[in-house]
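[1] structure of the sequence below:
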Amino acid sequence: MKKYIFFIIVLFFICCTKTPSEPDIYPFDVVVRVVNNSSSPSDTLLYSGTYGNSNTSIDVDGILALHEYNDYNSFVKDKDDEVFANFRKEQAEGKLTVKIGTMEVDFMGVEFFQTKKEASTSAYYGSVYISWKPD
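    Numbering: from 1, shown residues only. Take a look at the predicted model:
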């Protein structure tokens, strides 16, 4: 009888302490953010690029004032999907930063950008390529 009670207690412990697995939350939105991180206050930044996921690709170009950014929306379709960003400076000067991230909400209900991957270039007509796949 003691063996059965021990077995029931162990089985109860295993069932009650097992953490439930989170369900897949696909698809979900991802943001590609292009930032002008130039050093001079008068610097504007001309850029062009392509972003998307495993199934889509979108071409864009733009101009940014100092410390401004443009956000481009994409999404992750499933666990095998990946988001990419390939951007190029269309000028010699300036610093181009490209980020891939998600929009999150903090405990106060305020939305913020959560960076998942980031890269920059200050090279003359430099380019940046990054990609991100959720774990």
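[2] quick check: the nearest residue to Asp106 once chain neighbours are set aside vs Met103, distance?
    Spatial nearest neighbour of Asp106, excluding adjacent residues (Cβ to Cβ, 6 or more residues apart in numbering): Phe112 at 6.2 Å. Bear in mind the C-beta positions are built from the backbone N, C-alpha and C, glycine included. Separation of Phe112 from Met103 (Cβ to Cβ, to the nearest Å): 7 Å.
[3] who's more crowded, the two?
    Met103 (13 against 10; other Cβ atoms under 10 Å).
[4] show me what the helix or strand harbouring that one packs onto, helices and strands only.
    Element membership for Met103 (DSSP states H and E) is strand 96-105. Strand 96-105 sits against strand 28-36, strand 45-52, strand 83-89, strand 111-121, strand 127-132, with contacts defined as 3 or more Cβ pairs under 8 Å, 6 or more residues apart in numbering; DSSP states H and E.
[5] kindly export it (C-alpha atoms) in CSV.
    Extracted as CSV, the C-alpha positions of strand 96-105 are listed here (Å, rounded to 0.1, in the frame of the first residue of the first chain):
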residue,chain,number,x,y,z
LEU,A,96,22.7,54.6,-41.0
THR,A,97,21.3,52.3,-38.3
VAL,A,98,18.8,49.5,-39.1
LYS,A,99,16.9,47.7,-36.4
ILE,A,100,14.5,44.8,-36.4
GLY,A,101,12.1,44.6,-33.4
THR,A,102,8.7,44.3,-32.0
MET,A,103,6.3,46.7,-30.4
GLU,A,104,5.7,45.8,-26.8
VAL,A,105,3.6,47.2,-24.0
